[in-house]
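> I'll drop the sequence and a predicted model, then ask my questions.
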Amino acid sequence: MKQEKLPLVSRYGTLSWTRKAAATILVATLLLETAAWAGLGSDKAMYVGGTVSALKEGTEGHVSEKNEDLFVFHFQDGDFKIPYDHVNDLEYGQKAGRRLGVAIAVTWMAMFSKKRKHYLTIGYTDENGKQEAAVFELGKDIVRVTLASLEARTGRKVDYEDEEARKSGRGN
């Protein structure tokens, strides 16, 4: 007895509703996974805190090393500038954490990866001589360039939080 080949067509159309649902879930998962891994862009910076009243926490932008006299943070509403000769403290540290939220929401494989956040603290005096501080999260692609240019332009050495931060900041 010869077995007859059935076409991949159900009585509900070309794909059954369960296959359509599975395909939709797969596409949604892939899109969510991409969005969940996004975070701060690797070439961006974000103001995360400090004494700067002109900036709101969470303001994203770009840092620029091009100006020889000023550290410049470009953001959507303007620029925040710190004269290099007013900088009196530079600190760099990292925070590594598991991607638990991503793992719960999207895929268990995220549990095996770590996300490092890179933090730069700039201590400086304002035009009135008052001590101020600005803390920025840096994208991974701009850490070394930013730290090197700050050391060169301010004449100050960066204080590293620990040996792991020193390796990352210096590229060792």
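Noted; the coordinates are in hand.

> all helices of this protein, in order?
17-38, 100-105, 143-154, 163-170 (DSSP state H).

> okay, and the helix or strand of this protein with the least pLDDT?
helix 100-105 (a mean of 49; mean pLDDT, DSSP states H and E).

> For residue 75, give the beta-bridge partners.
Judged by DSSP bridges, the bridge partners of residue 75 are residue 61, residue 78.

> quick one: contacts for it?
47, 55, 59, 60, 61 (Cβ atoms under 8 Å, 6 or more residues apart in numbering). The way it works is simple: take the backbone N, C-alpha and C, and place the C-beta from them, glycine included.

> which stretches of this protein have low pLDDT?
1-39, 97-114, 164-172 (pLDDT under 70).

> Of the contacts of residue 75, just say which sits nearest to residue 72.
Nearest to residue 72 among the contacts of residue 75: residue 61, at 9.4 Å, using Cβ to Cβ.

> was I right about the closest one contacting residue 72?
No - taking Cβ atoms under 8 Å as the definition, residue 61 is not a contact partner of residue 72, at 9.4 Å.
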